[in-house]
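**Student:** Sharing a sequence plus its predicted fold:
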Amino acid sequence: MLVVENERESIKVLDECKALQRQKSLDYQNPASSVKQAQHYRRGIDTIYDMMDQKMIRAKSIIEGGVMDPQFEKLEDTFKDIINYASFAVSYLRGKMDGQNPKHDQFNKPKPAQFTGVQITNGAQPVNMANHRDYPTFLQETGCSGPAPKDVDAKVEVNSMMVQTAGNKFQKVTYWSDNTFTSEIVDS
């Protein structure tokens, strides 16, 4: 750790927050436990925001009550917790929180499959997938049939479509519940 003479107090506070975060992580993510940090935040950054909001309401209550030395949690501790929750939110947004599912977004919801530049046939009419951001949007805009993807543990077939390649060959593209695709050449 770099020690600077006459360091700003706010920098010292950040160092204290780092130490506090390390201490608390020994309780909340004990090495003997299977619980990972991301499991504390079921709705991702939305849950972290709720925790920060709860701390802000606590600070407001202490300030408005004029009790600057409360019996249990001091105002300084509340603000340090807010700093640490903000760092958790940034970590979650970056996808770097321990136990975070890389296939889920910042709200811990499954990310939609992304389509890029393939031709999908809807009956006799080819559809350029480069203009479609995700599978549900594709189904809605093209009128193709098939259920929307489900967030399930087992890998199951969700839908399959015929894809016309540049050489006028056809491939069967199968969309799976884990947001992956497989394809196979189909004899015409």
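**Tutor:** Great, that's in hand. If you're wondering where the values come from, they're calculated on a predicted model, not measured in any experiment.

**Student:** List the buried residues of whichever strand or helix holds residue 20.
**Tutor:** Residue 20 is part of helix 9-28, with elements assigned from DSSP states H and E. Counting neighbours by 16 or more other CB atoms under 10 Å, one finds that the buried residues in helix 9-28 are 17, 21. No exception for glycine: its C-beta is placed from N, CA and C like everyone else's.

**Student:** And for it, what's in contact with it?
**Tutor:** 1, 4, 35, 37, 40, 80, 83, 84, 87 (CB atoms under 8 Å, 6 or more residues apart in numbering).

**Student:** Apply 10 Å and report the result again.
**Tutor:** The set of residues external to helix 9-28 that reach it, using CB atoms under 10 Å, 6 or more residues apart in numbering, is 1-4, 7-8, 31, 33, 35, 37, 39-40, 76-77, 79-88, 98.

**Student:** Out of the residues you listed, which end up buried?
**Tutor:** Of all these considered here, the ones buried according to neighbour count by 16+ other CB under 10 Å are 37, 39, 80, 81, 82, 83, 84, 85, 88.

**Student:** Buried residues of stretch 37-51, list them for me.
**Tutor:** Neighbour-count burial for stretch 37-51, counted by 16+ other CB under 10 Å, picks out 37, 38, 39, 41, 44, 45, 47, 48, 51.

**Student:** Would you map out the domains in this structure?
**Tutor:** When the chain is parsed with automatic domain parsing, its domains come out as 9-93, 119-186.

**Student:** what's the least confident stretch among these?
**Tutor:** Lowest mean pLDDT within the domains of the chain: domain 119-186, a mean of 57.

**Student:** In which helix or strand does residue 184 reside?
**Tutor:** With elements taken from DSSP H and E, the one containing residue 184 is strand 181-186.

**Student:** Could I have the CA atoms of stretch 42-52 written out in CSV?
**Tutor:** Listed in CSV are the C-alpha atoms of stretch 42-52, where the atom choice follows Å, rounded to 0.1, in the frame of the first residue of the first chain:
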residue,chain,number,x,y,z
ARG,A,42,-30.8,-12.0,-6.0
ARG,A,43,-31.8,-9.1,-8.3
GLY,A,44,-28.2,-8.0,-9.0
ILE,A,45,-27.5,-4.3,-8.8
ASP,A,46,-31.2,-3.7,-8.0
THR,A,47,-30.7,-5.5,-4.7
ILE,A,48,-27.4,-3.7,-4.1
TYR,A,49,-29.2,-0.4,-4.7
ASP,A,50,-31.9,-1.4,-2.2
MET,A,51,-29.2,-2.0,0.4
MET,A,52,-27.6,1.4,-0.3
